[in-house]
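**Q** what follows is a predicted structure for the sequence shown.
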Amino acid sequence: MTESITFVLNGAPVTLPPDTSPTMTLLDWLRGPAALTGTKEGCAEGDCGACTVVLEAADGARLPINACLAALGQLHGAAIRTVEGLRGSQGDAHPIQRLLAENDATQCGFCTPGIVMSAWAHAREGGAVHDALAGNLCRCTGYRPIVESLARVEDDGIVTATPAVAGTTFATATQIFHRPTTLPALLALRAAHPAAWLLAGGTDLGLRFSEHRETPPHIIAVQGVAELNVLRADADGITVGAAVPYGRLLPLLDGSLASFGAMLTRLGSRQIRAMGTLGGNLGTASPIGDALPPLLALGATVRLASLSGEREMPVEAFLLGYRKTALAPDEVILQLRIPRPPEDAVLAVEKVSKRHDQDISAVSGGFALQLVQGRIAAAVLAFGGMGPMAARARHAEAALAGALLAPASFDAAADALARDFTPLSDWRGSAGYRLAAAQGLLRRLYWRIARPELSAEVHAP
């Protein structure tokens, strides 16, 4: 059944014309047909935050997202608020807008609407101000007055009901956008359209809509399938569906998995974590996918599904090469299983990038070591950014296995690393830099273990 895309915008229902492209970005629609130009376009790739709007979830949560990466078809049935939808009690400026203006927290104003929307979400969601602002870049004013303003924002109590919608297919003359709500329907669509784009959060795939202006003929959005939204923690680990956003997963990555959680706060901003998924990060198989080294280090597994049944394999076996995986044309990623490290093991997750937040890795690492009476009983060392795919460093692992927990052991592992990888040079770093950075991470690993108090921030979620 073909229908029109429907959602709630600033508290009022909106139905789009049937010929609207389901892969048009929300940003393009807002600034084009909707004539709501308060939402700005800066980078069009989810980095600057000028296009930030807020999804108003059914449970009252406010989720800031990048409008430049969100396809209209994904937003069917959602409730969205833009800066035009904020009003004070007298219909004038919203208190957050007044607060920013009175604190001299704006100059040219280009970034300000996005910051206002991040602040509006932060007023309800709470957390660290730095985290709330990590996805918003301001180029003409100092951050101090913005930070001070966000520390004083208050929830205005607005709650918008989201409509209940069924699985729908949106079709134009050149595109078909499927939104299945059951696993059998998803698998049948995948079997019928093996070349279709599988769309989860879209924080990576969305670049092909926003920057490259591609209009694929078939898209299958998986976000509405219950089996792909499973999120369950137990004593042995975490089961996470392929469509679960990072923001939902993050609170479960504590204790022995805290360093994984800390890295996810740098993988992307709140805007990215509201939509991006672990399943998508694995499915794209980028050599710089930040979540992949810790998955390898932990021995994570992935469950795949098709009409023929389900199969499970280690993430290490799933990754075959540069953006190449073991996923068959008729399969989808169903779930991942993240084991907890054994009691005698430690996990460290590292990321080297040009800026702390919102940046692509030059080198990343996931390291799991089992320690027995001052010796390293076993070591799993995985790196991203060092080759065509995230991979384990077998020679470095062998150098640590059975060795004393001592700096010399990690020096030897660092030296062995040159036999594991031949990095490429690009604008993120030369081959020499990448090798030196990866070797440095191994040498620092000793201090992460021997003197954890020196690096407590790495383990803070």
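**A** In hand now; what should we look at? Note that the coordinates shown come from a computational prediction; the quantities given were computed from them, not determined experimentally.
**Q** and the contacts of stretch 175-187?
**A** Outside stretch 175-187, the residues within contact range by C-beta atoms under 8 Å, 6 or more residues apart in numbering are 21-23, 71, 73, 76, 166-171, 189, 193, 196, 215-228, 305-307, 330, 332, 334. Where C-beta positions appear, they are placed from N, C-alpha and C, glycine not excepted.
**Q** 7 Å instead, please
**A** Contacts to stretch 175-187, defined as C-beta atoms under 7 Å, 6 or more residues apart in numbering, come from residues 21-23, 73, 76, 166-170, 189, 215, 217-222, 224-225, 227, 305-307, 332.
**Q** ChimeraX command for the buried members of those?
**A** Filtering these down to the buried ones (16 or more other C-beta atoms under 10 Å) takes a single ChimeraX command:
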select :21,22,23,73,76,167,168,170,189,219,220,221,222,224,225,227,305,306,332
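**Q** where strands are concerned, which of the contacts of stretch 175-187 count?
**A** Counting by DSSP state E, those place 168, 169, 170, 218, 219, 220, 221, 305, 306, 332 in strands.
**Q** which residues pair with the last one across the strands?
**A** Taking DSSP bridges, one obtains residue 305 as the residues bridged to residue 332.
**Q** repeat for the fourth one
**A** As for beta bridges, residue 218 partners with residue 176 under DSSP bridges.
**Q** same question for the second one.
**A** Assessed by DSSP bridges, residue 169 has beta-bridge partners residue 2, residue 178.
**Q** how close does it sit to residue 58?
**A** Relative to residue 58, residue 169 is positioned 23 Å away (C-beta to C-beta, to the nearest Å).
**Q** equivalent analysis for the first one, please.
**A** Summarising the geometry, the distance separating residue 168 from residue 58, computed by C-beta to C-beta, is 18 Å.
**Q** which residues of the stretch 101-250 of the chain score low on pLDDT?
**A** 166-167 (pLDDT under 70).
**Q** which residue is nearest the middle of this protein?
**A** The centre of the chain sits closest to residue 276, judged by C-alpha atoms, centre = their mean, with a distance of 3.7 Å.
**Q** phi, psi of it?
**A** phi -60, psi 150 (degrees, to the nearest 10).
**Q** with adjacent residues omitted, what lies nearest to it?
**A** Nearest residue to residue 276, sequence neighbours excluded (C-beta to C-beta, 6 or more residues apart in numbering): residue 203, at 3.8 Å.
**Q** quick check, the one you found in a helix?
**A** No: Residue 203 is assigned coil when assessed by DSSP: H, G, I helix; E, B strand; the rest coil, not a helix.
**Q** next, the contact list for it, please.
**A** Contacts for residue 203 were tallied using C-beta under 7 Å, 6+ apart; they are 46, 69, 268, 272, 275, 276.
**Q** and the residue nearest to residue 37 when sequence neighbours are not counted, how many neighbours does it have?
**A** Leaving out its chain neighbours, the residue that sits closest to residue 37 by C-beta to C-beta, 6+ apart is residue 31, at 5.4 Å. When neighbours are counted by other C-beta atoms under 10 Å, residue 31 registers 18.
**Q** OK, contacts around residue 31?
**A** Residues counted as contacts of residue 31 (C-beta under 7 Å, 6+ apart) are 37, 39, 41.
**Q** secondary structure class for the first one?
**A** Using three-state DSSP, the structure places residue 37 in coil.
**Q** ditto for residue 59
**A** What three-state DSSP gives for residue 59 is coil.
**Q** tell me how many other residues surround it.
**A** Using other C-beta under 10 Å, residue 59 has 7 neighbouring residues.
**Q** and for residue 336?
**A** Residue 336 has 27 neighbours, counted by other C-beta under 10 Å.
**Q** that one: which element?
**A** Using DSSP states H and E, residue 336 sits in strand 332-339.
**Q** which parts of that strand are buried?
**A** Neighbour-count burial for strand 332-339, counted by 16+ other C-beta under 10 Å, picks out 332, 333, 334, 335, 336, 337, 338.
**Q** right, and the pair among those residues with maximum separation?
**A** The distance between the two most remote of those (C-beta to C-beta) is 18.8 Å, for 332 and 338.
**Q** per-domain residue ranges of this structure.
**A** As recorded under automatic domain parsing, the domains making up the chain are 6-150, 345-459.
**Q** how about these in TSV, adding distance to residue 181?
**A** Converted to TSV, the domains of the chain look like this (distance: least, C-beta to C-beta, whole Å):
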stretch	distance to residue 181
domain 6-150	11
domain 345-459	32
